[in-house]
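Visitor: how would this look folded up:
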Amino acid sequence: MKVGVFWRKFRNVELQMKVSGENIYDDAYEEAYQHYSAIKEAGYDAALIEWKSENPMETLQKVLEEKVDLVFNASSLQEVAFLEAFGIPFAGSGIDLVAIDKAARKKIVAFHNLPTPKFMVVEDPENIPNHDLKFPLFVKPVRGRGSAGISEENIVERAEDLPRVVAKITGKIGQAALVEEFIKGREITVGIIGYKDPKVLPLVEIEYNSVKTNTFEHKMYDNEIIHCPARLSPEEEERVKSTALEIYKVLNARDYARIDMILGDDGVPYFLEINTFAGLTMSKDGTHHGYMGYMAKTLGMSRAEFIGAIVKSAAERYGLS
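Guide: Next up, the predicted model:
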C-alpha cells in the first residue's frame, strides 16, 4: 500500500501571522517529512505531496501519478472536501466533523449531556449579545488552531473589556469569536487512536510556565510544562478518559484526534474542543513537539508504531490491505 503524505505551507502559523503581522517560522515541511519517514519505517511505500490550494487539480494529478492508495495528514477543510469529492481514501475525520466549527461541536456535545462550558458566538464587537455567562470569560476564534490569536488578554475579567478582545479575533483573524465561561482547573488533553474500537492514549496535563493560559508562543515554542501521564487520581483519570471517549464517538471522529479539556476544580472534565488535525510529531527537530507525540512516547511507541497505528486504522476502515 502506498501512502501520500500531504503537506501545506504555513499550516500551523497562518492564523497567528494574521494577528501578529509578522513572519513566523513555518515548520510544515519538516513536520510532514517526519510523518513520511515514520510511514516508511512502518513498512509502507510513501510519497510527499504538496497541497496546492490555488490549483487542486495539480495535486490530483500528483496523487494519480504516485498511485497513492491512502492520503495521510490532510490538514484543512479544503483538503478533506477535495479528497471526499474525488473518493480518495484518507486518514482522519471526514467533512461531517471537519466542516463544523467549535461552537457547533460544543452544541453536539451538550446535546448528549456531556459537560462543556456555557458559551456564545460573537460576530460584531460593537454588538455583544445579551447573555448570562459568568465572568471571567475566554475568547478564541471559532475556527482557530494552534492557539492562534491567544494571549493572556483573552481571559476577560470585565464586561467593558470584552469588545476589545472580540475585535482582535474578528478584525485580525477574520472569524467570529467563541466566548465561553473560563473554567478554573487543570488543562488536560486526551489523544485517541482508532475508529471502530478507539483507544485512549496516556493523558497529558499542561502546566503553564509563567503565563495564565496556553498562548501561541507558550504552546508553539514548547514552553509548557508537560506531565505525561497526567497527575490524576485513578478516579479522575477514568472520568476524563470515559468522557473524552464518549465525545470522540458522538462527534464521529475517525482514526485519531485530540480532545482538549479542563478538569474543573469541581472535578468535572469540561470539553473545550477537538483537534482533528492534532500535532503528531515526537521530537522538536525543527518542529513543535506534538502533544500526541508525548503520549506515544509514554507508551514506549516508536514513531513508526505510532503513525503506523493511525494509518492502519484508516486502511482498515476503507478495507485496504
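
Visitor: can you give me the strands in the stretch 51-200 of the chain?
Guide: Secondary structure of the stretch 51-200 of the chain by DSSP state E, counting those that start in this stretch: the strands cover 70-72, 119-122, 137-141, 155-156, 177-181, 185-194, 199-200.

Visitor: Could you export those as a markdown table, including mean neighbour count, distance to Tyr208 and mean pLDDT?
Guide: In short, each C-beta sits where N, CA and C put it, glycine included. Formatted as a markdown table, the strands of the stretch 51-200 of the chain follow (neighbours: other Cβ atoms under 10 Å; distance: least, Cβ to Cβ, whole Å; pLDDT from 0 to 100):
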| stretch | mean neighbour count | distance to Tyr208 | mean pLDDT |
| --- | --- | --- | --- |
| strand 70-72 | 24 | 32 | 97 |
| strand 119-122 | 19 | 22 | 97 |
| strand 137-141 | 23 | 14 | 93 |
| strand 155-156 | 18 | 12 | 93 |
| strand 177-181 | 23 | 18 | 96 |
| strand 185-194 | 23 | 8 | 97 |
| strand 199-200 | 16 | 24 | 98 |
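
Visitor: closest to Glu235 out of those strands?
Guide: Nearest to Glu235, of all those, is strand 185-194, at 14.0 Å by Cβ to Cβ.

Visitor: partners of the closest one in the sheet?
Guide: Here strand 185-194 is paired, per DSSP bridges, with strand 199-200 (antiparallel), strand 204-207 (antiparallel), strand 255-264 (antiparallel).

Visitor: Tell me which of the strands of the stretch 51-200 of the chain lies nearest to Ser233.
Guide: With Cβ to Cβ as the measure, strand 185-194 is the member of the strands of the stretch 51-200 of the chain nearest Ser233 (11.9 Å).

Visitor: quick revisit: now, of the strands paired with strand 185-194, which is deepest in the fold?
Guide: Comparing the strands paired with strand 185-194 by mean neighbour count (mean count of other Cβ atoms under 10 Å), strand 255-264 ranks first with a mean of 23.

Visitor: still on that earlier bit, right, and the strands paired with strand 185-194 - which one's nearest Arg8?
Guide: strand 255-264 (18.0 Å).

Visitor: now the angle from that closest one to strand 137-141?
Guide: Angle between the axes of strand 255-264 and strand 137-141 is 160 degrees (criterion: axes from the mean of the first three to the mean of the last three Cα atoms, to 10 degrees).

Visitor: Distance from the helix or strand following strand 255-264 to the middle of the chain?
Guide: Using DSSP states H and E, the helix or strand that follows strand 255-264 in sequence is strand 269-275. Computed by Cα atoms, centre = their mean, to the nearest Å, the chain-centroid distance of strand 269-275 equals 10 Å.

Visitor: Tell me the strands beside strand 269-275, with direction?
Guide: strand 255-264 (antiparallel).

Visitor: Could I get the average pLDDT for the strand it pairs with?
Guide: Throughout strand 255-264, pLDDT has a mean value of 97.

Visitor: Mind jotting down where the helices sit in the stretch 151-300 of the chain?
Guide: Along the stretch 151-300 of the chain, counting by DSSP state H, counting those that start in this stretch, helices occupy 162-167, 216-220, 234-250, 291-298.

Visitor: which stretch in those is the model least sure about?
Guide: helix 216-220 (a mean of 54).

Visitor: From start to finish, how long is stretch 110-126 in a straight line?
Guide: 28 Å (Cα to Cα, to the nearest Å).

Visitor: Run through who's touching it.
Guide: Stretch 110-126 is contacted by residues 103, 106, 109, 128-129, 131-134, 138, 142, 162-164, 166-167, 170-171, 176-183, 243, 246-247, 250, 262, 268-272 when judged by Cβ atoms under 8 Å, 6 or more residues apart in numbering.

Visitor: Need the winner for burial among the helices of the stretch 151-300 of the chain.
Guide: helix 291-298 (a mean of 22).

Visitor: Show me what the helix or strand just after it is in contact with.
Guide: Following helix 291-298 in sequence order, the next helix or strand is helix 303-318 (DSSP H and E). Applying Cβ under 8 Å, 6+ apart, the contact partners of helix 303-318 are 1, 3, 34-35, 37-39, 41-44, 70, 72, 89-92, 193-196, 254-256, 280, 282, 292-293, 296, 301, 321.

Visitor: Out of those, which end up buried?
Guide: For the contacts of helix 303-318, a burial check counting by 16 or more other Cβ atoms under 10 Å picks out 3, 34-35, 37-39, 42, 44, 70, 72, 89-92, 193-195, 254-256, 280, 282, 292-293, 296, 301.

Visitor: Could you dump the strands of the stretch 51-200 of the chain into JSON lines and include distance to Gln78?
Guide: Listed next are the strands of the stretch 51-200 of the chain as JSON lines, based on distance: least, Cβ to Cβ, whole Å:
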{"stretch": "strand 70-72", "distance to Gln78": "13"}
{"stretch": "strand 119-122", "distance to Gln78": "22"}
{"stretch": "strand 137-141", "distance to Gln78": "17"}
{"stretch": "strand 155-156", "distance to Gln78": "32"}
{"stretch": "strand 177-181", "distance to Gln78": "21"}
{"stretch": "strand 185-194", "distance to Gln78": "25"}
{"stretch": "strand 199-200", "distance to Gln78": "30"}
